[in-house]
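Colleague: just to be clear, the model below is a prediction. Sequence and coordinates:
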Amino acid sequence: MINYFGENLRKLRIFKGLSAQELGKELGVAQSTVSNWESGRKEPNFEVLQKISVYFSVSTDRLLNHKISDSDVIPDDTTKKEIIARLAQELYEKYENIPDKDKPLVENELIEYADYLQHKFETRNNIRKK
């Protein structure tokens, strides 16, 4: 059976607008521990897993065994600004870990990818209108 814990934890953390350090503080663990959980290098013990389950109001079974989708965590009344803020937080965390010398390249790649996605969805929407 596939274990979705790390991916789910990351998604839930970002949805709540927390950094790994902030979540670690809430759970009484180090930021590196949260990062290890999210990357799949380690898993929490059962006691901490239950604490995470309660904190995010998600069953331990769902945390471990079921991929949590965006629609599961984003309520219908969530504004575009809130979604963008969460995405920005996620990008920022990844960006912080990139060596300074590579940051300009990453910035260009992100802009190119955003342009590509915009074109892709505009094209798809135009096809649907026909």
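Modeller: Structure's in. What do you need?
Colleague: next, count neighbours for the residue nearest to residue 59 when sequence neighbours are not counted.
Modeller: Nearest non-adjacent residue to residue 59, counting by CB to CB, 6 or more residues apart in numbering: residue 53, 6.2 Å away. No exception for glycine: its C-beta is placed from N, CA and C like everyone else's. If you count neighbours by other CB atoms under 10 Å, residue 53 ends up with 16.
Colleague: next one: residue 22
Modeller: Counted with other CB under 10 Å, residue 22 comes out at 14.
Colleague: how is this structure partitioned into domains?
Modeller: Annotated domains of the chain cover 5-73, 80-129 [automatic domain parsing].
Colleague: most tightly surrounded among these?
Modeller: Highest mean neighbour count of those: domain 5-73, a mean of 16 (counted as mean count of other CB atoms under 10 Å).
Colleague: and that domain, end to end?
Modeller: With CA to CA, to the nearest Å applied, domain 5-73 spans 15 Å between its terminal residues.
Colleague: list the helices and strands the helix or strand of the chain with the lowest mean pLDDT packs on?
Modeller: In the chain, no helix or strand scores lower on mean pLDDT, DSSP states H and E than helix 70-73, which sits at a mean of 70. Counting by 3 or more CB pairs under 8 Å, 6 or more residues apart in numbering; DSSP states H and E, the packing neighbours recorded for helix 70-73 are helix 5-15.
Colleague: distance between the longest helix seen in the chain and the chain's centre?
Modeller: The single longest helix within the chain, with elements called by DSSP state H, is helix 103-129. How far helix 103-129 lies from its chain's middle: 20 Å, per CA atoms, centre = their mean, to the nearest Å.
Colleague: correct me, but residue 50 touches residue 60?
Modeller: Yes - between residue 50 and residue 60 there is a contact under CB atoms under 8 Å: 6.4 Å.
Colleague: so how far is residue 20 from the residue nearest to the spatial centre of the chain?
Modeller: Central residue check for the chain by CA atoms, centre = their mean: the C-alpha nearest the mean position is that of residue 11, 3.5 Å away. According to CB to CB, to the nearest Å, residue 11 and residue 20 sit 13 Å apart.
Colleague: appreciated, that's everything.
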